[in-house]
Each structure stands twice: as structure tokens, then as C-alpha cells.
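> A structural model of the following input is requested.
(one chain, ligands or ions: 2)
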Amino acid sequence: MAPIAQLRGVALAYGEGAGRTRILENCDLSIERGEFVALLGPSGVGKSTLLRVLMGLAPPSAGEALVDIPDRPGRRRMALVFQDAKLLPWRRVAGNVAFGLEGLGLARREIEARVAAALDLVGLSPQARRYPHQLSGGQRQRVGLARALAVEPDLLLMDEPFGALDAITRADLQDELLRLREATHKSILFVTHDIDEAIYLADRVIVLAGAPARVQGTFETPTAPRKRADPRSWGLAEEIRAALECVSEIVDFEI
Ligand SMILES: Nc1ncnc2c1ncn2[C@@H]1O[C@H](COP(=O)(O)OP(=O)(O)OP(=O)(O)O)[C@@H](O)[C@H]1O
Ligand SMILES: [Mg+2]
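Ligands and ions are numbered 1, 2, ... in the order given. Below is the predicted model:
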């Protein structure tokens, strides 16, 4: 079966003329159906840009993004979870989750049922009538996740969704995401700059580094279930660190 999404030879630059900066160069990657892939790279390398290319929001200057998901009524093919949830402050939790469903041509009853199911999945049903300012940071991220799940996407794109959370909340949400993944079998591309998070969550870790950024390596993680600080992953974390670091040495050398 074809991968659910792929990038082939993607290049992208921002700006024009002398202000032109090359961000991505010759990027290849693929996500298989049902696979959980982590995209790992330092801040500013181009991870969010790569997600925008996959979503068709940023046209590449070379190469192509291929997404093999059928259009189905009442659903979206892909959904994105942001680092800072991006909730509408004047809408209640349920209204925020419903937001992604508006424009899909669903009956009001269907919208209510989908919102309730998504809130249940992330454990937020009791908070459905609260406003975003009445939630903790972790709860706000859960709303962002529920909003993405409500549109029943085949591919879930997550852009450093737990980056702003404290360590305990972050660990809770990581485990919740793994449970959700078991329950829904979604294909997931999860962006992070945290090596341990990438190894704990993903089946495969793709390292993006360099300026312009390229895929520096792809690493299979030990078979699930994995533990945090799993002894089976120690060598792997070192290999991934080396893939991230060998690039900065090359960049230093060029400077
Ligand atoms: N619209 C834009 N116009 C010009 N430059 C941009 C634009 N968006 C992003 N950039 C630049 O492109 C580079 C990659 O940005 P991007 O947001 O993709 O990085 P990132 O890997 O997601 O970083 P972070 O981990 O901090 O979120 C950065 O240097 C950024 O300043
Ligand atoms: Mg980003």
C-alpha cells in the first residue's frame, strides 16, 4: 500500500532576491498508514514549514508533497494540533471543538455528537462548558487535540504540542496520546525538538537538521511498548544526537 503521505525532493525558500533564505532542501520522507513518526530537529530548522508543505499551505519551490487520503463527506483528510492550542477565548470548550466541524455540512445534532465523543476521548467532558481561561495549560492542549480529532482525520499532524507544558503534565499527555493512538489507529506525524519524547512516542524518528535543512537520518525505535528511559533506547539516543550534532559541526566549519 502507498504511504499515506510523502515528500519527494522538497525545497522551499522564504523571501525574494537578496532577502531569500533557503529553509528546506532535497527533503524526502514518507509516513506509512497507521505509523507514528516523530520529526525531530532544532528550533528554527524548518519543522513547522515542512508541516505546512505537507498540508498544502506552502508550495515548495522544488519537489512535491503527496497525500494519499480520499476525500470523505463530513471529515477532513488531515488536522493539525498547534503548540499553543490556539483556542478562541470567547467560545466555550465545546464551541472550540465544534469550530473545526463548521463548514463540513454536518447537521447540528451530528456536530454535538462528534464534539461529545472527541471531548470524551481526551477526558474533558466535565469541562465542556468552561471558557479557555478557566483551563490549565494541559487542559487547553487537550481541547486542541479534541478539536483535531473531531474532524476524524486520517493523518494527525502535531507541531510540538506538549512543548510549553511542565514535565508532569507533559508525561501524562504523552501517555494519553499513546492510548488514543491504540484506540484510533491514526497515522501521526509528531514534531518535537526533544529526543527522549521522540523515542518514547514514535515508531520511527526522522532527524531534520542543517541550514538549509535536510533529512539527516531515519531511526527505528525499539518495539512498543517502550518505557521512559528504556535501556533498549540508550544507544539510539546517542545515534540521534550524533545525527543532529554532526550537522552543526559542518555548519561551524563552513562559517
Ligand atoms: N513566513 C515566513 N517568512 C520568512 N521566514 C520565515 C517564515 N516562516 C518561518 N520563517 C523562517 O524559516 C525558518 C524555519 O521556521 P520554522 O517555523 O519552520 O522552524 P521550526 O523548526 O518549526 O522552529 P521551532 O522549533 O522554533 O518551532 C526560521 O528561520 C524562520 O525564521
Ligand atoms: Mg515550529
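> Just the pLDDT for the residue of the stretch 101-250 of the chain found nearest ligand 1.
Closest residue of the stretch 101-250 of the chain to ligand 1, CB to the nearest ligand atom: H193 (5.5 Å). In short, each C-beta sits where N, CA and C put it, glycine included. Looking at H193, its pLDDT is 93.
> List the residues that contact it.
Residues near H193 by CB atoms under 8 Å, 6 or more residues apart in numbering: L40, G41, P42, S43, K47, E160, G163.
> Now the most centrally placed residue in the chain, what are its backbone angles?
Nearest residue to the geometric centre of the chain (CA atoms, centre = their mean): M158, 1.9 Å. When read as degrees, to the nearest 10, the backbone of M158 gives phi -120, psi 120.
> I figured it hits F190, correct?
Yes: M158 is within contact range of F190, at 4.6 Å (criterion: CB atoms under 8 Å).
> Show me what L29 is bridged to.
Judged by DSSP bridges, the bridge partners of L29 are L7.
> go on, A11?
A62.
> which residues sit in contact with it?
Here A11 is in contact with R22, L24, E25, N26, C27, P60, S61, A62, G63, P212 (CB under 8 Å, 6+ apart).
> Tally up the residues packed near the fifth one, please.
Neighbours of C27 under the rule other CB atoms under 10 Å: 26.
> For it, identify the helix or strand it belongs to.
In this structure, C27 sits in strand 21-31 according to DSSP states H and E.
> and what of V45?
Counting by DSSP H and E, V45 is found in no helix or strand.
> okay but it is in contact with A209, surely?
Yes: if you go by CB under 8 Å, V45 and A209 touch, sitting 6.0 Å apart.
> Just the contacts of H193: which are in strands?
Counted as lying in strands by DSSP state E, out of the contacts of H193, are L40.
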